[in-house]
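Trainee: 3D model of this:
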Amino acid sequence: MESLLERITVNTQNSVRIASNIGIIYIDPLEINEASHDADFILITHDHYDHFSVDDISKLAKDDTILVVPEKMASSAKNLSIQLGNIETVLPKNQFVFSGLKLETIPAYNIIKPFHPKSAGWVGYVLEIDGKRIYIAGDTDATKEAKEVDCDIAIIPIGGTYTMDSKKAAEYINELKPEVVIPVHYGSIVGSANDATIFKDKVNPTISVAIKLAF
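Mentor: Modelled structure (predicted):
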């Protein structure tokens, strides 16, 4: 049987797929090639085009798919011309259970940069899957709330410009101390493939770095 880590795949940017014991979970799906319509859950971190792609959601959605979005995206989500089982809205710093999926919402924002203000209410997610806590940070800097996350697997942005860069991300992960870290959000719209090398070299060797993006 595949390990949980093997069942986590990254397509591009923050587009993550997790095959879990409670269903197939997608986070911020983007550039999906196959219309698989296999999503049990689709989780969106914020409304930027590379995280909230209607075309890609439509390729994955089915009649009972649960779409989870930040509360300020409620109108956008309800206006989708896509058949879904349900739409759930979330606020930062809360806990939820949706059809067996346990999750926490972590504020995702920039400390100085203007791209993701804290007031927008954007989120990262901590999912409880197979006895592990998986943190998908979304577009964020190394904020106070991000530093307080308790997780086994961290999926974090490293591309800079709109988020942490590779060096800041490594400093953050060395403080957070997860078992495994998966870098995302680099090598396409922002950053380069080399960011992963820089990041891995600066992460404490006691933390496993899993490179999931392919170029």
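Trainee: and residue 125, what is it in contact with?
Mentor: Applying CB atoms under 8 Å, 6 or more residues apart in numbering to residue 125 gives the contacts 27, 43, 45, 103, 104, 105, 106, 135, 136, 138. C-betas here are computed from N, CA, C, even on glycine.
Trainee: Mind doing that once more with 7 Å?
Mentor: Residues near residue 125 by CB atoms under 7 Å, 6 or more residues apart in numbering: 27, 43, 103, 105, 136.
Trainee: Repeat that for residue 134.
Mentor: Per CB under 7 Å, 6+ apart, neighbours of residue 134: 126, 127, 151, 153, 155.
Trainee: Surely residue 196 forms part of a helix?
Mentor: Yes - counting by DSSP: H, G, I helix; E, B strand; the rest coil, residue 196 is found in a helix.
Trainee: Do a quick rundown of the helices in this structure.
Mentor: Assigned helices in the chain, in chain order: 54-60, 74-78, 144-147, 166-176, 194-202 (criterion: DSSP state H).
Trainee: Comparing these, which yields the minimum mean pLDDT?
Mentor: Among the helices of the chain, helix 74-78 has the lowest mean pLDDT, at a mean of 92.
Trainee: which stretches of the chain form strands?
Mentor: 8-10, 16-20, 23-27, 41-43, 66-70, 86-90, 95-98, 101-107, 123-129, 132-136, 153-157, 180-184, 208-209 (DSSP state E).
Trainee: Dump those strands to TSV, plus mean pLDDT.
Mentor: Output for the strands of the chain, formatted as TSV (pLDDT from 0 to 100):
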stretch	mean pLDDT
strand 8-10	96
strand 16-20	97
strand 23-27	98
strand 41-43	98
strand 66-70	98
strand 86-90	96
strand 95-98	97
strand 101-107	98
strand 123-129	98
strand 132-136	98
strand 153-157	98
strand 180-184	98
strand 208-209	98
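Trainee: Reformat those strands as JSON lines; add distance to residue 51.
Mentor: Output for those, formatted as JSON lines (distance: least, CB to CB, whole Å):
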{"stretch": "strand 8-10", "distance to residue 51": "14"}
{"stretch": "strand 16-20", "distance to residue 51": "11"}
{"stretch": "strand 23-27", "distance to residue 51": "9"}
{"stretch": "strand 41-43", "distance to residue 51": "10"}
{"stretch": "strand 66-70", "distance to residue 51": "10"}
{"stretch": "strand 86-90", "distance to residue 51": "15"}
{"stretch": "strand 95-98", "distance to residue 51": "19"}
{"stretch": "strand 101-107", "distance to residue 51": "15"}
{"stretch": "strand 123-129", "distance to residue 51": "11"}
{"stretch": "strand 132-136", "distance to residue 51": "11"}
{"stretch": "strand 153-157", "distance to residue 51": "11"}
{"stretch": "strand 180-184", "distance to residue 51": "11"}
{"stretch": "strand 208-209", "distance to residue 51": "23"}
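Trainee: what's the neighbour count on the spatially closest residue to residue 95 that is not a sequence neighbour?
Mentor: Spatial nearest neighbour of residue 95, chain neighbours left out: residue 104 (5.1 Å); criterion: CB to CB, 6 or more residues apart in numbering. Using other CB atoms under 10 Å, residue 104 has 21 other residues around it.
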